[in-house]
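**Q** okay, sequence plus prediction incoming.
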Amino acid sequence: MQNLWPSARTAFALAQLDWVGGDFAAIILTDDYTFDVGHTVVDDLDGIAGTAALTGKTVTDGACDAADVTITPTGPGLLVTHFVIAQDEGNTATDKLIWYANTYIDTTPISRLTDGNGMVWSFDNGADRIFRI
């Protein structure tokens, strides 16, 4: 599944989020996390295994994109099964959850074991890019 959180859709519609001008982070999560549509902020996440700032953000015809990202995990031997994009304004109690994936674009489940080295995450280069608002 790859999806925008409903709260993110609302925030974009109310101009509370600026994809190009705002700060956003990629977050990898272990299998300790269980997706919940009611989660709205980073503090709602369990199993955070690493984060990295998103750069090169663009919007074309409502399709949001960013440069591919390398995330250094918090340690080796962690099973990463989820990928999240969240607002990154420095306060995990209010930083909004934006986009969630537990599969790759081809619907193969995410299942990557960390070895302590950086993990490269490549975004879809199709018409919808990472997500479309």
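**A** Happy to help now that I have it. Remember, it's a predicted structure, so these values are computed and weren't measured experimentally.

**Q** next, the buried residues of the lengthiest strand in the chain.
**A** The residue-count maximum for a strand in the chain (DSSP state E) belongs to strand 79-87. Across strand 79-87, burial judged by 16 or more other CB atoms under 10 Å covers 80-87. C-betas here are computed from N, CA, C, even on glycine.

**Q** end to end on stretch 39-49, go ahead and measure it.
**A** 18 Å (CA to CA, to the nearest Å).

**Q** contacts only, for C64.
**A** 19, 57-58, 129-133 (CB atoms under 8 Å, 6 or more residues apart in numbering).

**Q** in these, find the pair that's most separated.
**A** Using CB to CB, the pair of the contacts of C64 lying farthest apart is K57 and R132, separated by 14.2 Å.

**Q** ok, these two, which is more surrounded?
**A** K57 (17 against 13; other CB atoms under 10 Å).

**Q** how about the nearest residue to that one, chain neighbours excluded?
**A** Spatial nearest neighbour of K57, excluding adjacent residues (CB to CB, 6 or more residues apart in numbering): A66 at 4.7 Å.

**Q** so N102 sits right up against V84, yeah?
**A** No. With contact defined as CB atoms under 8 Å, N102 does not reach V84; the gap is 9.8 Å.
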